[in-house]
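S.K.: have a look at this prediction, sequence included:
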Amino acid sequence: MKKEVNSPSPVKTEEIGEKFAGAILKARAWRRAKVISLEGELGSGKTTFLKGVAKGLGIKEMIKSPTFVIMKKYKIGTGRRQQATRYFYHIDCYRIERPKEILGLGWEEMLERPQNIIAVEWGEKIRKILPRDYLKIVFKFINKNTRKLSFKIHG
Ligand SMILES: Nc1ncnc2c1ncn2[C@@H]1O[C@H](COP(=O)(O)OP(=O)(O)OP(=O)(O)O)[C@@H](O)[C@H]1O
Ligand SMILES: [Mg+2]
């Protein structure tokens, strides 16, 4: 996947998310959960992207912004019964004031399971508690229908 991509529509942003999910599922096993921090101003497309990610992970439920609940957990449909159950966590830090609020949701336990995929909107607000090797996607508002997505790997 390219490091930077312009998306000309919400549908395209979802498609990019779906592709991204496919790449994550194919990646070799890792020792801890995979954490993706989605950063960028309001309405820049973070949730739209995650709708595509969920689709790519085989999640049938509708992904909405979890703004009022902070976190939502979904079972990933890998289609392989012998595999350990994998979960996708969607966390939205927009309304939180301290990283501690996320620790209180069982953050450490979530990170311990290597099968977990954790997407954090406004992840910059909990930078202190993100694992060293988190993936970062920065969303930039270019114009009404165009967003720029930049992918970075930390660590
Ligand atoms: N290329 C694009 N990619 C994504 N969204 C787009 C694009 N063009 C227009 N939009 C619109 O921008 C809005 C993006 O909203 P979305 O909820 O995904 O943003 P967000 O970054 O999650 O915002 P918030 O910070 O409030 O959670 C939607 O209304 C969507 O239709
Ligand atoms: Mg959102």
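M.R.: Nice, thanks for sending it over. What you see is a predicted model; the values in this text were computed from it and never measured. Ligands and ions are numbered 1, 2, ... in the order given.
S.K.: when you work out contacts or count neighbours from here on, use the C-alpha atoms and nothing else.
M.R.: Noted.
S.K.: which pLDDT value belongs to the nearest residue to residue 131 once chain neighbours are set aside?
M.R.: Leaving aside its sequence neighbours, residue 131 sits nearest to residue 35 (C-alpha to C-alpha, 6 or more residues apart in numbering; 7.4 Å). For residue 35, the pLDDT comes out at 97.
S.K.: for residue 35, what are phi and psi?
M.R.: phi -120, psi 130 (degrees, to the nearest 10).
S.K.: bridging residues for it?
M.R.: In this entry, residue 35 is beta-bridged to residue 118, by DSSP bridges.
S.K.: near residue 73, how many other residues are there?
M.R.: Neighbour count for residue 73, taken as other C-alpha atoms under 10 Å: 12.
S.K.: next: residue 107.
M.R.: 16.
S.K.: check residue 34 too.
M.R.: 23.
S.K.: wait, isn't it in contact with residue 114?
M.R.: Yes - the pair residue 34 / residue 114 is scored as a contact, 7.1 Å apart, by C-alpha atoms under 8 Å.
S.K.: give me the residues contacting stretch 122-139.
M.R.: 34-41, 44-46, 92-94, 98-99, 147-155 (C-alpha atoms under 8 Å, 6 or more residues apart in numbering).
S.K.: end-to-end on that stretch?
M.R.: 11 Å (C-alpha to C-alpha, to the nearest Å).
S.K.: and it, what's buried?
M.R.: For stretch 122-139, a neighbour-count test (16 or more other C-alpha atoms under 10 Å) marks 122-126, 130-131, 134-139 as buried.
S.K.: so is that stretch next to ligand 1?
M.R.: No - Stretch 122-139 stays clear of ligand 1 (C-alpha under 6 Å from any ligand atom), getting no nearer than 7.2 Å.
S.K.: which ones are touching the residue nearest in space to the middle of the chain?
M.R.: Centroid-nearest residue in the chain: residue 119, 2.5 Å away (criterion: C-alpha atoms, centre = their mean). Residues near residue 119 by C-alpha under 8 Å, 6+ apart: 35, 36, 37, 38, 50, 88, 89, 90, 91.
S.K.: out of these, which is nearest to residue 13?
M.R.: Among the contacts of residue 119, residue 50 lies closest to residue 13 (C-alpha to C-alpha), at 9.0 Å.
S.K.: looking at it, that closest one is touching residue 14, isn't it?
M.R.: Yes - Residue 50 lies in contact with residue 14 (C-alpha under 8 Å); the separation is 7.1 Å.
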